[in-house]
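3D, please:
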Amino acid sequence: MANSITAARANFGDRLKSWPERVKSFYNDVRTEMRKVTAPSWKEVQATTAVVVITVFIFGVYFFVIDNLIQKGVTFLYSYFGH
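Alright, predicted model coming up:
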């Protein structure tokens, strides 16, 4: 048991000592990856925005129709079984 505690402390000490190197490596990796990132062109932004607007409109119409069908069905069932 004492050996495992000592090993854990040594492991923690090693991790603590290597922390600045790991942080530096992490930031270097982030910088390297950020150099690969490109902003979309204006045409790409317009195209994806149009796709999103059209898709939202189609889903809105779809849910409107489904909601009205369910509402009419439930209203019919209440009136049919309510009397």
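
how about the helices in the protein?
2-36, 42-82 (DSSP state H).

where does the residue most central in space within the chain land on pLDDT?
Nearest to the geometric centre of the chain sits Val52, at 16.8 Å (C-alpha atoms, centre = their mean). Val52 is assigned a pLDDT of 98 by the prediction.

mind listing what it touches?
Residues in contact with Val52 (C-beta atoms under 8 Å, 6 or more residues apart in numbering): none are found. For every residue, glycine as well, the C-beta is placed using N, CA and C.

So what does Val37 look like in phi/psi?
phi -80, psi 130 (degrees, to the nearest 10).

any low-confidence regions in this protein?
Across the chain, the ranges flagged by pLDDT under 70 are 1-10, 83.

Please parse it into its domains.
Domain segmentation of the chain under automatic domain parsing yields 1-37, 40-83.

circling back to that earlier point, how much space separates the residue nearest to the centre of the chain from Phe64?
For Val52, the distance to Phe64 (C-beta to C-beta, to the nearest Å) stands at 18 Å.

what's the burial count for Ala47?
The criterion is other C-beta atoms under 10 Å. On that basis, Ala47 has 12 neighbouring residues.

just Asp67 next, same as before
Asp67 has 10 nearby residues by other C-beta under 10 Å.

same thing with Ile54?
There are 10 residues near Ile54, going by other C-beta under 10 Å.

again with the one 10 residues further on
Applying other C-beta under 10 Å, we find 10 other residues in the vicinity of Phe64.

One more: the one 10 residues further on?
By other C-beta under 10 Å, the residues close to Val74 number 10.

Quick one: residues contacting it.
Contacts of Val74 were listed using C-beta under 8 Å, 6+ apart, and none were found.

and it, how far is that from Pro40?
45 Å.

got it, and Ser79?
For Ser79, the distance to Pro40 (C-beta to C-beta) stands at 53 Å.
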